[in-house]
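A.B. asks: Give me coordinates for this.
(one chain, ligands or ions: 1)
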Amino acid sequence: MSVAKKQYKRITTKSLVEMKANGEKISMLTAYDYTMAKIVDGAGIDVILVGDSASNVMAGHETTLPITLDEMIYHASSVVRAVERSLVVVDLPFGSYQSDPKEALRSAIRIMKESGGHSIKVEGGKEIKESIKRILNAGIPVMGHLGLTPQSIYKFGTYTVRAKEEEEAEKLLEDALMLERLGCFALVLEKVPAALAEKVAKSISIPVIGIGAGSGVDGQVLVTHDMLGMTHEFHPRFLRRYLDLYSEMTTAFESYISDVKSKDFPSEKEQY
Ligand code: KIV
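C.D. replies: Predicted coordinates:
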């Protein structure tokens, strides 16, 4: 059992800052539904992210852009009903916070009120500073997200590693310092060079949670369906697969089909 599982009955934003101060790494995974969230929470994960990756994983969209605020609230409320211990972070979807700070606050309030989530996550730095300030002023905890920010995929053009050039790396560090100053409780760094991620983590006191950002950060996040091997066509270098569920599930489904066709299922013991 992890130190955190023994020590914390419920994970709060404060617990995460304490974990960083104590050198305990933070574990984070995604969940979008009740059943998965129950298993992930029961295993002792520190943070559950109701990510807008639900747009890809659950709905089959090519990007995270199409998912709506109502859909995020549906996913988040299903997760919240399952969770007993983890901190639940919910992504504000594309289009729900970029246009103006008042709309950003309205969207964050809807997430908190209608889903029961514990905090929200937004992508970006100084461009969305006023929105972050307004959400924080309302008492809603905010997690930042820098580096590869999939909601801006059409600006970047590709999902390759970000901030390899000095200018972009400097902006990223400035944005991280700004997010800390504003009062964000943590920050996700996605697909950036490990040395830069470590530098950011050492420069700020709030936890930095990496995905494709190396081992020098304060915690790690993966998309659960990827680490379980359900999304078998996706294999970036940073992804460690803990199961090959795609193959295992396919074998199970094939056995079921065969049992039905051959009249082996149901047997006498499996009927009334
Ligand atoms: O939506 C998501 O799953 C995310 C993670 C990749 C960090 O933002």
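A.B. asks: How about the residues of the stretch 151-272 of the chain by the ligand?
C.D. replies: Taking C-beta under 6 Å from any ligand atom as the contact definition, the stretch 151-272 of the chain meets the ligand at 188, 190, 211, 221, 223. Every C-beta, even on glycine, is put in place using the N, C-alpha and C of the backbone.
A.B. asks: Can you pull the phi/psi pair for the third one?
C.D. replies: Which is residue 211. Dihedral angles of residue 211 (phi, psi; degrees, to the nearest 10) stand at phi -140, psi 110.
A.B. asks: What of the first one?
C.D. replies: In this entry, residue 188 is assigned phi and psi values of phi -90, psi 130 (degrees, to the nearest 10).
A.B. asks: how much space between it and residue 89?
C.D. replies: Distance, residue 188 to residue 89, by C-beta to C-beta, to the nearest Å: 9 Å.
A.B. asks: what's the answer for residue 9, then?
C.D. replies: 19 Å.
A.B. asks: between those two, which one's more packed in?
C.D. replies: Comparing residue 9 with residue 89 by other C-beta atoms under 10 Å, the one with more neighbours is residue 89, at 27 against 9.
A.B. asks: Can you list the strands that the helix or strand where that one lies pairs with?
C.D. replies: Mapping residue 89 onto the secondary structure by DSSP states H and E places it in strand 87-91. Applying DSSP bridges to the sheet, strand 87-91 is found paired with strand 47-50 (parallel), strand 119-121 (parallel).
A.B. asks: what helix or strand is residue 209 on?
C.D. replies: For residue 209, the enclosing helix or strand under DSSP H and E is strand 208-211.
A.B. asks: before we move on, the earlier item: how about residues contacting the strand holding residue 89?
C.D. replies: Here strand 87-91 makes contact (C-beta atoms under 8 Å, 6 or more residues apart in numbering) with 10-13, 15-16, 28, 46-52, 72, 76, 79-80, 111, 115-122, 143.
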